[in-house]
Every structure is written in structure tokens, then in C-alpha cells.
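**Student:** here is my input; please provide its structure:
(one chain, ligands or ions: 1)
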Amino acid sequence: MAPDQPREQFGDHYRSIYLAGAGGERPTLPVDWRELEARAVEALDERAAGYVAGSAGTGGTDRANRRALDARRIVPVMLRDVAVRDLRISPFGKEWPAPVGLAPIGVQTIVHPDGELASARAAARVGVPLIAGTAAGHTLEAIAAELGTSPRLFQLYWPNDPELCESFVGRAEAAGYEAIVVTVDNAFPGWKPRDLQNAYLPAIEGIGLANFFADPVFRTGLERAPEEDPGPAIGKFIGVFGNPSLTWDDLDWLRSRTSLPILLKGILHPDDAREARERGVEGVIVSNHGGRQVDGAVAAFDALPDVVAAVGDELTVQFDSGIRSGADAFKALAAGADAVFVGRPYLWGMALEGAEGAEKVLRWILAELDLTMGLAGRPSLADLDESALRP
Ligand code: FNR
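**Tutor:** Numbering: from 1, shown residues only. Purely as a prediction, here's the structure:
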């Protein structure tokens, strides 16, 4: 083993599970993701379960995400010395121990009272990057405190009040976030029949507004503090949230307000990826928001190669939507993603066992990715390209 390698590799995790089994202990969470999802859904009330599962329209995009990943097959090669796998990456000059992180998920307190603090604890224990969301039950500062020195990015839902937007970005910089991830596919909430049937949008009930309520700019002009009188504060939130008139030109303004790298999340079209490059952002996240926005949208995994071909040499290209396992992560990385983000699976773990549940799910995905790299004969990310997949 090279001297600078961590002694424990992600894949070694399987040993601790089998060893515990020899002592009569079994994992308390389902290791199979379908079973994990079913158990989590059972544990949540209908409105929260519906919100987490929530897909746009018929659910076709969510299914397409899975189908696209399932359809692409890995072609392992043998006898390549896979004793040491190296998963480290350095996007925009930062060091990440693995190319896998936690996608930004809003209003996590509907799943578990610790919500975003639980996912931050899980991310910090595993050491992988977390994208903290604007719409959170805990402030970005409280999340940063849980993260310690662990890598973090801040996901921006760009409010239509520029002063508030600037305040969010400044707070994220002050709290040590490494990049601003602007979600660009959410001008409006997608048409989600299950949430519509439940008539349930958590923010309207004041859930997930901690970043707003704690913000000095947001609080200005409110007669009473949001914690004393939430009604008017929720009304104000509804007024500033969402920004459907946002255009590419607005990115110059953001650029002038922050020295942090900017990533655009929700890019699917290669023309948009090229535009992003022209506008000087550092990266894109290929994502269809887990199938929650446009029913009938292209599977994110099918959109990935065109975006990689368009800008992969110049921008960091990251990926989410449909990742359920380490093998899925392997495929996305082989197809050209620099890093992948896990969405719903860590929420399912959290729904059942809080921070520990989210941590287990992350460890399992990382372990499987590491083992898959070894078993497929691609021990380093530099070896991982399209040739690992069947054309
Ligand atoms: C999301 N996602 C999301 N994205 C974002 O940029 N800001 C947000 O606040 C949220 N909120 C959110 C809530 C819930 C309940 C889900 C499931 C998803 C989208 C998320 O970042 C990611 O794109 C998807 O979850 C990826 O798809 P999978 O892995 O869940 O299939």
C-alpha cells in the first residue's frame, strides 16, 4: 500500500458487517434499497412519505432515471492489481475523499426531527461532501457546525430579493461553504399529484424556513420576530421565494457578489452546459431533480454523456438523480461524471434511524462503489471511463 493511502478503504466495511454477524448481530436497516425504501415509506406519515417519494406527473421521469442506469452494463476486466483503490478527487481545488456526496434535500425535519443536522452528522462521520439546501429546518450555520471540517457546498434557491440573496451567499461564505450550487430547475414546484392530493407544501406551513427566519435582511421590516409571530414571516417568505424571471444574464451579478465557485444544478441540455461555460461558472450538476420537476424529461443518466462531451474538459460535471447503489455511482463516474450525489436513499435511512441511518446508507454506497471499482478492474478514478461500460 502506498504510504499516503488511508489504511481503511471504503470497501473494507463489508468485513465489519460479516464479523458482527459471526457474533450474532445483523444490520437493523435493510441493505437492499428497495426494501429500505418500503420500510421508510411505511414509517412516515402519508404527507411526508408523499413529499419524499413525490415525482412529477406520472412518475415517468423517476422511472426513466432508474431504467437508464439499469440498462447500462459494466464490463469488468481482470488481473489488474486492485488491492488499493483511490477514490479521492479535488474539484475546484478542494480535497474530497470520495466522488460521492449528499444531494441538497429540503425540509428534512418532516422525516426526522434532527433533519439537516442528522444528515450533516452522517456526512461528517463518513467525511463526504454535503450540499446544504436553502429550504432547511436548521440554519446553514448550524449545519456547518455539525460538519466540522467536512466538505460542504451551499445550494441556493435564488430569492427574488437581491439583498436577501447576497445575505445568503455571504453567510455561506462565512460558514466555510466551498461553493454555491444554484438550483436552476425549480422556477416553480413541479406538478406532483401526490402532494397536490394531500394539498401539502411544507414551506407554506412554515417548515424548512430556518435560513429565512434567521436572516438579518429577511427579518428587517417584519413587525415581530418570526419565532414570535410566524404568520407574517411565512407570508413574506412566499413573496420572496422563487424567481421565475431569472436568466443567464443574472449570473454576472452573482459572480460579482462571491469569490466562491458557482455550480448550476439541474442542467440536462448540452447547449445549457455550453452557456454555463461561456458565463464562467465552475461546474454543472446534471440532474432532473430526481424526476420531481418535468414529467417526461430525459433520464439524467441519458443526458450525462452529451453534457460531458460538451464541457467535460473545462468544467466539473457532477451528477444526481436515480443513484441507489455503488454500482450506479460507478456507472455515472464511468460515463464522465466527476462526482455523484445521493438523494432519497439517505433520507430513507434517516427516516428509520436518524443520523446513524443516513450514515449507514452512505457507507454502504461507498463500500459498494469501492468494491465495484476493484471487482471491475478499475482501481482508480483515472481508470474509470466509458470503456468500463458496454457501448
Ligand atoms: C429534493 N431535491 C432538492 N434539490 C434542490 O436543489 N433543493 C432542494 O431543496 C431539494 N429538495 C428536495 C426534497 C426532496 C424530498 C427530494 C427527494 C429531492 C432534489 C435533490 O437534490 C436531488 O436532485 C434528487 O433527490 C436526486 O434524485 P434521487 O437520488 O432522489 O432519485
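
**Student:** which secondary structure element is home to Glu163?
**Tutor:** helix 162-174 (DSSP states H and E).

**Student:** for that helix, buried residues please.
**Tutor:** Leu164, Cys165, Glu166, Ser167, Phe168, Val169, Arg171, Ala172, Glu173 (16 or more other C-beta atoms under 10 Å). Yep, even glycine has a C-beta here, placed from its N, CA and C like the rest.

**Student:** how near is the residue nearest to the first one when sequence neighbours are not counted to Val107?
**Tutor:** Translated: Leu164. Using C-beta to C-beta, 6 or more residues apart in numbering and skipping the chain neighbours, the partner closest in space to Leu164 is Val217 (4.8 Å). Distance of Val217 to Val107, given as C-beta to C-beta, to the nearest Å: 22 Å.

**Student:** same check on Pro305?
**Tutor:** Pro305 is 33 Å from Val107, by C-beta to C-beta.

**Student:** who has more neighbours out of those two?
**Tutor:** Just comparing Pro305 and Val107: by other C-beta atoms under 10 Å the higher neighbour count belongs to Val107, 22 against 16.

**Student:** neighbours around the residue in the stretch 51-200 of the chain that the ligand sits nearest to, how many?
**Tutor:** Nearest residue of the stretch 51-200 of the chain to the ligand, counting by C-beta to the nearest ligand atom: Gly106, 2.9 Å away. By the measure other C-beta under 10 Å, the count of residues near Gly106 is 22.

**Student:** OK, contacts around it?
**Tutor:** By C-beta atoms under 8 Å, 6 or more residues apart in numbering, the contact set of Gly106 is Gly133, Thr134, Ala135, Ala136, Pro202, Gly208.

**Student:** mind running it again at 6 Å?
**Tutor:** Gly133, Ala135, Gly208 (C-beta atoms under 6 Å, 6 or more residues apart in numbering).

**Student:** was I right to think the second one contacts Ile207?
**Tutor:** No - counting by C-beta atoms under 6 Å, Ile207 is not a contact partner of Ala135; they are 8.8 Å apart.

**Student:** which residues are in contact with each of the two?
**Tutor:** Val107.

**Student:** so between those two, which is more surrounded?
**Tutor:** When neighbours are counted by other C-beta under 10 Å, Ala135 comes out ahead of the other of Ala135 and Ile207, with 24 against 21.

**Student:** just say helix, strand or coil for the more buried one.
**Tutor:** coil (DSSP: H, G, I helix; E, B strand; the rest coil).

**Student:** local confidence estimate at it?
**Tutor:** Among the per-residue scores, Ala135 holds a pLDDT of 98.

**Student:** that one - nearest residue in space that isn't next to it in sequence?
**Tutor:** Counting by C-beta to C-beta, 6+ apart, the residue nearest Ala135 is Gly106, at 3.5 Å.
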